[in-house]
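A.B. asks: can you look at this prediction? I've put the sequence above it.
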Amino acid sequence: MPSVAFHNWSTTRAASLDEIESAHRAVGGTEPGRRHATQQINQAYALLLSSQFQAYCRDLHSECIDRMFRVVTPGGYRTLLADEFKLHRKLDRGNPNPSNLGADFNRLGLDFWVEVLGADARNPQRRRLLEELNEWRNAIAHHDFGAPMLRTGRPTLHLAQVQNWRRACDGLAHSFDGVMRNYIHRASGSLPW
Amino acid sequence: MNDWVMARHLAKHPGPFKIGDRVSYIRGGRPVEGVITEDRGPLGVGGRRIYGLRVRFDEWNEIETEQPVDVLTLVAAAPANGEGGPSRE
C-alpha cells in the first residue's frame, strides 16, 4: 500500500495533468495559429507539472512527519516537534528542485538523494530531468529564457519533452514513496504505510 | 497553495475546520492560537486530517505550520469573508 501522497499523485493529480494533455489534443487544425496555441499549452503543462510535483513532495513530507512523531509523548512535545520540522520548509515556497527536496527530507535524518539514487538505476537521469523541468518552469514563470531554450528566437517546448519530464516525475515519486517507507520502517520498526 | 492544485476530493469532503477559523493547540505544555490557512487533507496516521495554520506568538514572531485535526480546538469560526480564503477570480 502506498502513502496517501503517492495515491493522490497517481490518481487525482495525474487526472489534472491528463486534462491539459487533452487540451493539447483538442487544439486541432494545421494553420500556423495552432503551433502558437499548442506552445502556450506546452508551457502551461510544464508549469502545472512542476506545481503538482511540488504538492506531492510537500504532502509526502507532511505525511512522514505525522508518522515519525506520532509516538512522542506528551502530546505537547509532539506538536512542538512537528512545528520545528515544518519551520522554513523549502517546499512551502520554492520549486521541487533536487536541492530543495534534499534540504527538506534530509532534515528528517536520512541522506535523501543517496538513498533515492540507490533505489533505481534510472534515478540519476530522472533527477537531471527534474532539474531541467524546474529550469524551464522558472524561465516560463519569469519570462527569462536562456539561449538553449530558444529556436529562431522564440522559446520552444515540445509536448514530448513535457511528457518525458512527467515520466521522470512519476519514477521519482514512486522512489520517494519507497525510500521514505523503508527509512521510517528502519527507524521506528513499523511500516508507515 | 494554489486551490486548483489541491486534490479535488478535499472540496467534496470538507473537514471540521475552514480557512480563517481561529484554533488552539497545546505546544510544549502551553496553549497557542493560530488561524487555519489550508486544508491539507487526510495525510495523517489513519487518515486523520492535517491543517495548515499560521501561529503568531508575538508582534515579531510568527510561524506557518501544520497540525492534525485531533490536537486542534476551535476558538472562533472564520467570519463570513474570512481571511486567507482561496480566490477563483
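C.D. replies: Happy to help now that I have it. Residues are numbered from 1 along each chain as shown, chains lettered A, B, ... in the order given.

A.B. asks: quick one: residues contacting the most centrally placed residue in chain A.
C.D. replies: Nearest residue to the geometric centre of chain A (CA atoms, centre = their mean): A:Phe53, 2.7 Å. Residues near A:Phe53 by CB atoms under 8 Å, 6 or more residues apart in numbering or on different chains: A:96, A:130, A:133, A:169, A:173. Every residue, glycine included, has its C-beta placed from N, CA and C.

A.B. asks: can you get me a residue count around the fourth one?
C.D. replies: If I follow you right, that is A:Cys169. A:Cys169 has 24 neighbouring residues, counting by other CB atoms under 10 Å in any protein chain shown.

A.B. asks: measure it to A:Phe53 for me?
C.D. replies: 5 Å (CB to CB, to the nearest Å).

A.B. asks: for the helix or strand encompassing A:Tyr56, buried residues please.
C.D. replies: Taking DSSP states H and E as the definition, one finds A:Tyr56 inside helix A:32-68. Residues of helix A:32-68 classed as buried by neighbour count (16 or more other CB atoms under 10 Å in any protein chain shown): A:38-39, A:41-43, A:45-68.

A.B. asks: can you list the residues of chain A near chain B?
C.D. replies: A:4-5, A:8, A:12-13, A:16, A:48, A:51-52, A:55, A:58-59, A:62-63, A:65-67, A:70, A:74-80, A:82-83, A:86-87, A:92 (CB under 8 Å from any CB of the partner chain).

A.B. asks: quick one on the thing from earlier: any chance of TSV for the contacts of A:Phe53, columns secondary structure and pLDDT?
C.D. replies: As requested, these are exported to TSV (DSSP: H, G, I helix; E, B strand; the rest coil; pLDDT from 0 to 100):
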residue	secondary structure	pLDDT
A:Pro96	coil	96
A:Leu130	helix	98
A:Leu133	helix	97
A:Cys169	helix	98
A:Ala173	helix	98
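
A.B. asks: between A:Cys169 and A:Phe53, what contacts are shared?
C.D. replies: With CB under 8 Å, 6+ apart, A:Cys169 and A:Phe53 have common neighbours A:130, A:133.

A.B. asks: where does pLDDT dip in chain A?
C.D. replies: Applying pLDDT under 70 to chain A picks out residues A:28-30, A:32-35.

A.B. asks: where along it do the helices fall?
C.D. replies: Along chain A, counting by DSSP state H, helices occupy A:4-8, A:14-26, A:32-68, A:75-86, A:98-106, A:112-119, A:123-142, A:159-188.

A.B. asks: who's in contact with the fifth one?
C.D. replies: The reference is to helix A:98-106. For helix A:98-106, with CB under 8 Å, 6+ apart as the criterion, the contacting residues are A:57, A:61, A:64, A:89-91, A:94, A:112-113, A:127, A:130-131, A:176, A:180.

A.B. asks: just stretch A:146-162 next, same as before
C.D. replies: A:21, A:24, A:38-39, A:42-43, A:45-46, A:49, A:135-136, A:139-140, A:145.

A.B. asks: list the buried residues for it?
C.D. replies: A:155, A:157, A:161-162.
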